[in-house]
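Chemist: Just a sequence and a predicted model for now, questions to come.
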Protein chains: 2
Amino acid sequence: MGKCEQCIIKQFNSLKALTKEELVRISGCKTTKTIKKGEVIFEEGETINGVYCVKDGICKLSKLSENGKDQIVKMVVKGDLLGQRSLISNESSNLQAVALNDMEVCFIPKSEIIADLQKNPKFSFEVLKEMAHDLKEADDFIVNMAQKSVKQRLAETLIYIYNSFGVNPDNTLSVLLSREDFANIVGTATESAIRVLSQFKKEGLISTVGKQIRIEDLEGLKRVE
Amino acid sequence: MGKCEQCIIKQFNSLKALTKEELVRISGCKTTKTIKKGEVIFEEGETINGVYCVKDGICKLSKLSENGKDQIVKMVVKGDLLGQRSLISNESSNLQAVALNDMEVCFIPKSEIIADLQKNPKFSFEVLKEMAHDLKEADDFIVNMAQKSVKQRLAETLIYIYNSFGVNPDNTLSVLLSREDFANIVGTATESAIRVLSQFKKEGLISTVGKQIRIEDLEGLKRVE
DNA sequence: AAATTAATATGATAATTATCATGTTTTCAT
DNA sequence: ATGAAAACATGATAATTATCATATTAATTT
């Protein structure tokens, strides 16, 4: 099993603020898991007894609304931590996490991390910074949901995925989402999402290879109203 | 001027985790401000060089969307801290703050608080908890905006204000919002918000005294679809 | 490989919400 | 107190989005 002290992934998250000794200790009690595409990492309401450090793959965080629809609130990628919020507020998760890819994650038990949070101010400040960033993103998300049309939101989602997760060799978006996933990010009916994607295709903004999507006109997508 | 060590307000926020010495020091460099209803506390994009501790009154945090509409993202009340996020991420504010009431706030300069954040793990953990809570609220807000109708969102906003901020002696909501404010919370056109409120009135869910609103049927509001 | 199921796609229609117009009431400055 | 401005209110209509129905295609199971 890999050693945290030597792992590059931690550079991308707040674990980088831990001392070598702390990392060695954590390394000793962490467990590595492989999660298959589509698998649930944790459910809404579930108690997560630790934090996941994502070594590879991507997952979606979603919340079931009262009308039975899932709303995707955030996507978590290689390098990110998962489950921080629940850890800190000492509550069960308010979100469900599902792998969008095959994933590799390390699970660090709660007790270990909490101890470090309370002893190492550098570490807790890093976590604070991450949460501050998440909070800002959430604000932006709220404004987008509230003030923009479905077409705009979907265009922005495509741009976001393109910029954040990149493309495959054939230029299709590297993260493969179902049309339903798109609808659940944008907060619309699946049919509406499909319709808008079809329209984008007709307008030459995107092209599709099966359910894969390729962005053909990034600037055009940015101009969508 | 009041002394932080003796101030009751701090019990409601993370400042309670500061030591007596820290509080005395902060007390020495804080400034107290009175802010009138409607006044801007800080603008979007402005650098806030510290944190506000709200001693009295309420303000709204909003963000201007590209289409020129303001989206209210959060309301900050007596006891809350204001400007934490920007402080931590060391960025200019992503939100505008406007007083909804006459307010009394204490302003604590950045340098003082940052020092404490980095030295006092108890304090930074309290701030972490607050941010974790805000983040959870933001998630819920996103889901509501994305999945619920304007009618539902407005009903929930009324309930939220009723529960969080209470009522005047005549039972009207103690926080007086304009119809435009309601629209900007719910993310709809002002006319639509007015229409829905009129409908609620017709249905006996609320009554109005001028622009004041009184909740007449809380359970009914909860059932709105 | 055929059969079943799930995902994608599109049309028709209904419901929701936005926009523009216009009138009324309230608030505020003089 | 009065006139101007802002906020509130409502109608008419247009635009957006949801819902239901029904194909079509792709994926999965047997």
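Modeler: Thanks, I have it.
Chemist: Mind jotting down where the strands sit in chain A?
Modeler: Applying DSSP state E to chain A gives strands spanning A:31-35, A:40-42, A:50-56, A:58-64, A:70-77, A:81-82, A:96-99, A:103-109, A:206-209, A:212-215.
Chemist: got the contact list for the first one?
Modeler: Residues from elsewhere that reach strand A:31-35, judged by CB atoms under 8 Å, 6 or more residues apart in numbering or on different chains: A:1-2, A:41, A:55, A:57, A:59, A:99, A:102-107. The way it works is simple: take the backbone N, C-alpha and C, and place the C-beta from them, glycine included.
Chemist: Do me a favour and average the pLDDT over it.
Modeler: For strand A:31-35, mean pLDDT is 95.
Chemist: which helix is the longest one in chain A?
Modeler: Using DSSP state H to define each element, chain A has its longest helix at helix A:121-147.
Chemist: Going by neighbour count, which residues of that helix are buried?
Modeler: Buried residues in helix A:121-147, defined by neighbour count with 16 or more other CB atoms under 10 Å in any protein chain shown: A:121, A:123-128, A:130-132, A:134-136, A:138-139, A:141-147.
Chemist: distance of residue A:89 from residue A:150?
Modeler: Separation of residue A:89 from residue A:150 (CB to CB, to the nearest Å) stands at 33 Å.
Chemist: Tell me which other helices or strands the helix or strand of chain A with the lowest mean pLDDT touches.
Modeler: Every helix and strand of chain A was ranked by mean pLDDT, DSSP states H and E. The lowest is helix A:110-119, at a mean of 92. For helix A:110-119, the elements it packs on are helix A:20-29, strand A:50-56, helix A:84-89, helix A:121-147, helix B:121-147, judged by 3 or more CB pairs under 8 Å, 6 or more residues apart in numbering or on different chains; DSSP states H and E.
Chemist: Need these in JSON lines (columns: distance to residue A:14).
Modeler: Below are the helices and strands packed on helix A:110-119 laid out as JSON lines (distance: least, CB to CB, whole Å):
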{"stretch": "helix A:20-29", "distance to residue A:14": "12"}
{"stretch": "strand A:50-56", "distance to residue A:14": "10"}
{"stretch": "helix A:84-89", "distance to residue A:14": "8"}
{"stretch": "helix A:121-147", "distance to residue A:14": "3"}
{"stretch": "helix B:121-147", "distance to residue A:14": "11"}
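Chemist: between those, which gets nearest to DNA strand D?
Modeler: Distance to DNA strand D, taken as CB to the nearest atom of the strand, is lowest for helix B:121-147 among these, at 8.3 Å.
Chemist: leaving aside the residues next to it on the chain, what's closest to residue A:16?
Modeler: What sits nearest to residue A:16 in space, not counting adjacent residues and going by CB to CB, 6 or more residues apart in numbering or on different chains, is residue A:10, at 5.1 Å.
Chemist: Correct me if wrong: the one you found contacts residue A:17.
Modeler: No - using CB atoms under 8 Å, residue A:10 is not in contact with residue A:17, being 9.2 Å away.
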